[in-house]
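Peer 1: fold the following for me, if possible:
(chains A and B)
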2 protein chains.
Amino acid sequence: MKYRFADRMKKTPRSFIRETLKVTERPDIISFAGGLPNPSVFPVRELAKTAEQVITDEGSAALQYATTEGFLPLRTWIAERYAQRYGMSVTPDEILITHGSQQCLDLCGKIFINRGTHIGIERPGYLGAIQAFSLYEPTFVPISLEMDGPAIDDLQNFLQIKDCGFFYGVPNSQNPSGITWSDEKRREVADSLHDHEGIFIEDDAYGEIRFRGDAPRPVKSLVSDQVVMNGSFSKIITPGMRMGWICAPKPIMDQIITAKQGTDLHSSILAQRIIYRYLSEYPIDTYIKKINDTYKSQCDFMVGSIREHFPESVSYTIPEGGMFLWVTFPEKISSMEVFERALEEKVAVLPGIPFYTDGGGNNTLRLNFTNSSLEKIDEGIVRLSRVLNRLLK
Amino acid sequence: MKYRFADRMKKTPRSFIRETLKVTERPDIISFAGGLPNPSVFPVRELAKTAEQVITDEGSAALQYATTEGFLPLRTWIAERYAQRYGMSVTPDEILITHGSQQCLDLCGKIFINRGTHIGIERPGYLGAIQAFSLYEPTFVPISLEMDGPAIDDLQNFLQIKDCGFFYGVPNSQNPSGITWSDEKRREVADSLHDHEGIFIEDDAYGEIRFRGDAPRPVKSLVSDQVVMNGSFSKIITPGMRMGWICAPKPIMDQIITAKQGTDLHSSILAQRIIYRYLSEYPIDTYIKKINDTYKSQCDFMVGSIREHFPESVSYTIPEGGMFLWVTFPEKISSMEVFERALEEKVAVLPGIPFYTDGGGNNTLRLNFTNSSLEKIDEGIVRLSRVLNRLLK
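Peer 2: The predicted structure follows:
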C-alpha cells in the first residue's frame, strides 16, 4: 500500500527534542535536554482532593459536553488576573480555554496562515511553535533575538512584507534562550506593530515563572487589539492536564471559536473545573512563590557552576525566569559534537540547531535547570565542562 | 484595525447546532436538537473515587508532561478490546490517544488534505467532520447514504478521482441519520477500497452504543492497512474529559504523531490514567449494558410515539444504536419552517440542512432521544406532530 500525505507533512519537522529524549532519559544520564517542570512542586494532595470534590459536588456538569469557549468562572479568573498583574482590561469574552498553550499556536496557524504567508519568529525561536506553524506551510522570516529582545530593524522589515501574517515571540524567559525582552524593546515592538497594523502572537507560557527583577508589561497591554496572548497553567500548577488559554480581541476570538469547534469541540470541562476550584481554594501566589524560589536556587546553582567550570570563551544567558539558559561557544566546535561527547560522559544537552528556521545556531545549546537536583546540576556541568575544555583545546 | 484571516476561515461553517442550542436550551423547551448523552448514566461516584486515587497513588506521573502517543496501558486496553470484540489484531503502536474522537478528524485533515483534495463524505454526513475537514479546504464529494450504507456506485466514482484523499463515514448508528451499514455494504466498501487503493476514515464514536442486532464487523477488520479508525470514551464513560483514540496503520500513525506533536503535544495524562484505572476497576460491560438499556427504552419510546402521532407521509429511521433518529417529510414543507413552528410550540428540533455539503436535505430533521425523559419525549413528539399535521394539511 502506497500512502499519499498532504504536502504540509513534508515541511513539518519531527521534534528533535522528542527523539533526543528517548536516548537521554535513561536513569544513568543527567539530563539538561528536556523541558520538564520540577515535579516536587506539584500540588499533588491538593489536586487529589479537589478532583474528588469537583466530581462529587458538580456531578454530571463536570462530565458532560460543554461550551467551546470554556468554563466562564475560569475565564473570569484569568481576566481578573490580567487586571491585577498588569492593569489590563480584558473581558471573559476575550478568553478561550485551550488544550495547553500549545493549542493556541495551532489555532493561530489555522486562522492566520495560508500557504506561503510570512510569519516572523525570533531567531532562535520556540521549536513547538515552528512545528505548529509549519503544519500551515508559512514562509518563516527570522527576527534576530538580541539580549534585550527582537532586533527592531528586522521586525520593521518583516512588517512591511505584503503577505505578512503575524510576528510570534516569547517576551518572558524565552524558550530556548532564557531571554526576557526589556521594557524599551516592548514599547518599540508595540510602536512598530501600531505603525504597520501588524499582529503579534505573545506567548506567555512562562509569564508567572519569574525569580529576578520586576515583571515587564505585556506587549498586549500596549496595543491590545493587535495582540493574541496565550497563557498556561502547566508551569504554575501542572502540565499533565493540558490547560492553557488564548486572550484575543473579539474579531479574532470569533475566528478562534470556529477553529476550536472543528478541532476538538471544547477543552476538558473536568480539568477546567478542577483548576478553577483549586485556584479558588488554595493561595496560588504562595504556590507560585514556592515554584519560583525552587527554580531560582536551581538556576543560580547552574549559573554558579558554569561560571566556575566552563572555559572563558563560552558565554551564557542569566535568566530572570523560566526553565532554560542558553550557551554559546566559539564556532569552531559544533553542538552535535558536544551533544555526542556529552552523552559519552552521561550528560544530555540539547543542540540549538532545531530552534533556527534558517539554519545556523550550530554553536549553541539549551540547558534546562528545573528538572535536576542541585547535586546533579553540579555534576552535570562539571562533566559538560570537561567536554567543552577538551573540544576547545 | 482591519484583520486578515486565512482563506480557510471563509470556507468553514460555524456550527449551526451550536448556534441553535443557544436558543433551544431554555428550560421551558423540550429539546431534541442537541446531541448530549444521558447524564443519568454517568458513573459519577466511581469517577470521583478513581480521580482521587490516581492522583494520590500515581502523583507526579499523572500530572507531568507525557508522550505524544499516550499512556501505554490504556492503548493496550484498546488494542485488546478490538481483539475481543471483533477478532482484530491491532498493536498498541497503532493506537494514539486523542483529545476526543473529534481530534482524529482534525489530525486526518492535517495529514491527508491539501487545498482541493477530494474527500468523500456520506450524504447526509456528520457536521463535526464537515467542519473539521473544511479547515483544510478540501473539495467534498457527497456519497449517497442509503438505508443500509453508502451507495457503492458513488463510492467507486469517488475512488477513481485522481486527487482523492479519503472517504469518511460513520458505519455504526450514524450521526445524523441513525443508519447502521449492513455487513454486505461493509464488504462492498472494503472491496472498493482494495480495488482502488483508497483510504477510509471509519468513525466509530457510537460503536459500543448498540441496543438492537449484532455488531457488524468494522470495515477496518476487512482492509486494515487502508483504514484509520477512531473511537471514543465520550459515549461509554463521559464526554467532558475529551478522551478518544485513533487506530491507524504504522505509516499513517507516524504522520499522525508528528501532527499531534505540533497541535497540542499530547492528550491529558491525568484523564488517560483516570480512564484506564476506571476500566481496570469497574466492569465496563455492565455499565455499557446499562447505557444501552436506557437508550433503547428512550429510542423505542420515541419511535412508538412517532408511529402513533406523526402524519403517514412522514418517514423515519429506526436506529440499532447511537443517539439519533432521522425524519424525512414531503418536500413541500421546509425544515426551517418546522424548526420555527416547533419552537413556538416549545419543542426544539435540528433541521437536516447543515449535514449536506452540496445543499439539499431541506425536508429532513435530526431528533436526539438520549437527553429527554420518557415523559418529555412523548410530549415533545405530540407537539411536533401538531406542527407537521398543520403544515402538511
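
Peer 1: parallel or antiparallel, list what pairs with the helix or strand containing residue A:145.
Peer 2: Residue A:145 is part of strand A:139-146, with elements assigned from DSSP states H and E. Partners of strand A:139-146 in the sheet, by DSSP bridges, are strand A:118-123 (parallel), strand A:149-150 (antiparallel).

Peer 1: starting at the chain centroid, how far to whichever helix or strand comes after the first one?
Peer 2: Toward the C-terminal end, the helix or strand that comes next after strand A:118-123 (DSSP H and E) is helix A:127-134. Here helix A:127-134 is found 11 Å from its chain centre; the criterion is C-alpha atoms, centre = their mean, to the nearest Å.

Peer 1: cool, stretch A:258-272 as well?
Peer 2: For stretch A:258-272, the distance to the chain centre is 21 Å (C-alpha atoms, centre = their mean).

Peer 1: try stretch A:245-255
Peer 2: Worked out by C-alpha atoms, centre = their mean, stretch A:245-255 lies 20 Å from the chain centre.

Peer 1: before we move on, the earlier item: tell me the mean pLDDT for the strand holding residue A:145?
Peer 2: Averaged across strand A:139-146, pLDDT comes to 98.

Peer 1: list the contacts of that strand.
Peer 2: When contacts are defined by C-beta atoms under 8 Å, 6 or more residues apart in numbering or on different chains, strand A:139-146 is touched by residues A:116-125, A:130, A:133, A:150-151, A:154-155, A:158, A:161, A:167, A:169, A:174, A:177, A:179, A:356-358. C-beta coordinates here come from the backbone N, C-alpha and C atoms, glycine included.

Peer 1: which residues of the stretch 101-250 of chain A score low on pLDDT?
Peer 2: Within the stretch 101-250 of chain A, no stretch falls below the threshold (pLDDT under 70).

Peer 1: how about the residues of it near chain B?
Peer 2: Within the stretch 101-250 of chain A, the positions adjacent to chain B are A:102-103, A:105-106, A:110-115, A:117, A:128, A:131-132, A:134-136, A:197, A:199, A:225-226, A:234, A:238-242, A:249 by C-beta under 8 Å from any C-beta of the partner chain.

Peer 1: and the longest helix for chain A?
Peer 2: Ordering each helix of chain A by length in residues (DSSP state H) puts helix A:284-309 first.

Peer 1: name the residues of it that are buried.
Peer 2: Within helix A:284-309, the residues that qualify as buried are A:284, A:287-288, A:291-292, A:294-296, A:298-303, A:305-306, A:309, counting by 16 or more other C-beta atoms under 10 Å in any protein chain shown.

Peer 1: by contact count, what packs against that helix?
Peer 2: Secondary-structure packing of helix A:284-309 (3 or more C-beta pairs under 8 Å, 6 or more residues apart in numbering or on different chains; DSSP states H and E): strand A:324-328, helix A:374-392.

Peer 1: so what's residue A:91 closest to, chain neighbours aside?
Peer 2: Leaving aside its sequence neighbours, residue A:91 sits nearest to residue A:79 (C-beta to C-beta, 6 or more residues apart in numbering or on different chains; 6.1 Å).

Peer 1: now the helix or strand in which the one you found is found: buried residues?
Peer 2: Under the criterion of DSSP H and E, residue A:79 resides in helix A:72-86. Within helix A:72-86, the residues that count as buried by 16+ other C-beta under 10 Å are A:74-75, A:77-79, A:81-82, A:86.

Peer 1: and the next helix or strand after it, what does it pack against?
Peer 2: Next helix or strand after helix A:72-86 toward the C-terminus (DSSP H and E): strand A:95-98. Judged by 3+ C-beta pairs under 8 Å, 6+ apart, strand A:95-98 is in contact with helix A:72-86, strand A:244-247, helix A:250-264.

Peer 1: now for whichever helix or strand comes after strand A:95-98, which elements pack on it?
Peer 2: Moving toward the C-terminus from strand A:95-98, the next helix or strand (DSSP H and E) is helix A:102-112. Helices and strands touching helix A:102-112, by 3+ C-beta pairs under 8 Å, 6+ apart, are helix A:127-134, strand A:164-169, strand A:200-203, strand A:227-232, strand A:244-247, helix A:250-264, helix B:8-11, helix B:250-264.

Peer 1: residues in contact with helix A:102-112: which ones?
Peer 2: A:98, A:128-129, A:132-133, A:135-136, A:138, A:165-166, A:168, A:199, A:201, A:203, A:228, A:230, A:242, A:244-246, A:252, A:255-256, A:259-260, A:263, B:4-6, B:8-9, B:135, B:262-265.

Peer 1: do stretch A:370-389 as well
Peer 2: A:30-32, A:34, A:36-39, A:294-295, A:297-298, A:301-302, A:305-306, A:309-311, A:314, A:323, A:329, A:333, A:338, A:341-342, A:345-347, A:349, A:369.

Peer 1: buried subset of these?
Peer 2: A:30-32, A:34, A:36-39, A:294-295, A:298, A:301-302, A:305-306, A:309-310, A:314, A:323, A:329, A:333, A:338, A:341-342, A:345, A:347, A:349, A:369.

Peer 1: doesn't residue A:90 make contact with the residue nearest to residue A:91?
Peer 2: Yes - using C-beta atoms under 8 Å, residue A:79 makes contact with residue A:90 at a distance of 4.8 Å.

Peer 1: secondary structure of residue A:137: a helix, I assume?
Peer 2: No - with DSSP: H, G, I helix; E, B strand; the rest coil as the criterion, residue A:137 is coil rather than part of a helix.

Peer 1: what's around residue A:375, how many residues?
Peer 2: 10 (other C-beta atoms under 10 Å in any protein chain shown).

Peer 1: domain boundaries for chain A, per the record?
Peer 2: Structurally, chain A divides into domains by automatic domain parsing as follows: A:8-43+A:286-392, A:44-281.

Peer 1: and these, which is most packed in?
Peer 2: domain A:44-281 (a mean of 22; mean count of other C-beta atoms under 10 Å in any protein chain shown).

Peer 1: ends of it, how far apart?
Peer 2: Using C-alpha to C-alpha, to the nearest Å, one end of domain A:44-281 lies 14 Å from the other.

Peer 1: kindly report the same for stretch A:12-30.
Peer 2: Stretch A:12-30 end-to-end distance (C-alpha to C-alpha) = 29 Å.

Peer 1: what is the rounded mean pLDDT of it?
Peer 2: 74.

Peer 1: now do stretch A:263-277
Peer 2: What stretch A:263-277 shows for mean pLDDT is 97.

Peer 1: which strands and helices sit next to the helix holding residue A:79?
Peer 2: Using 3+ C-beta pairs under 8 Å, 6+ apart: helix A:72-86 touches strand A:95-98, strand A:244-247, helix A:269-281.

Peer 1: which residues does residue A:290 contact?
Peer 2: Taking C-beta under 8 Å, 6+ apart, one finds residue A:41 in contact with residue A:290.

Peer 1: mind checking the SS state of the nearest residue to residue A:303 once chain neighbours are set aside?
Peer 2: The shortest distance from residue A:303 to any non-neighbouring residue, by C-beta to C-beta, 6+ apart, is to residue A:318 (5.7 Å). Counting by three-state DSSP, the backbone at residue A:318 sits in coil.

Peer 1: correct me, but residue A:318 touches residue A:304?
Peer 2: No - the criterion here is C-beta under 8 Å, and residue A:318 misses it with residue A:304 at 10.6 Å.

Peer 1: hmm, who's touching the strand or helix carrying residue A:155?
Peer 2: Counting by DSSP H and E, the element that carries residue A:155 is helix A:152-159. Under the criterion C-beta under 8 Å, 6+ apart, residues A:118, A:120, A:141-144, A:164, A:167, A:185, A:188-189, A:192-193, A:195-196, A:198 lie in contact with helix A:152-159.

Peer 1: quick one on the thing from earlier: tabulate the domains of chain A (TSV), appending distance to residue B:365.
Peer 2: Shown next, in TSV, are those (distance: least, C-beta to C-beta, whole Å):
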stretch	distance to residue B:365
domain A:8-43+A:286-392	38
domain A:44-281	21
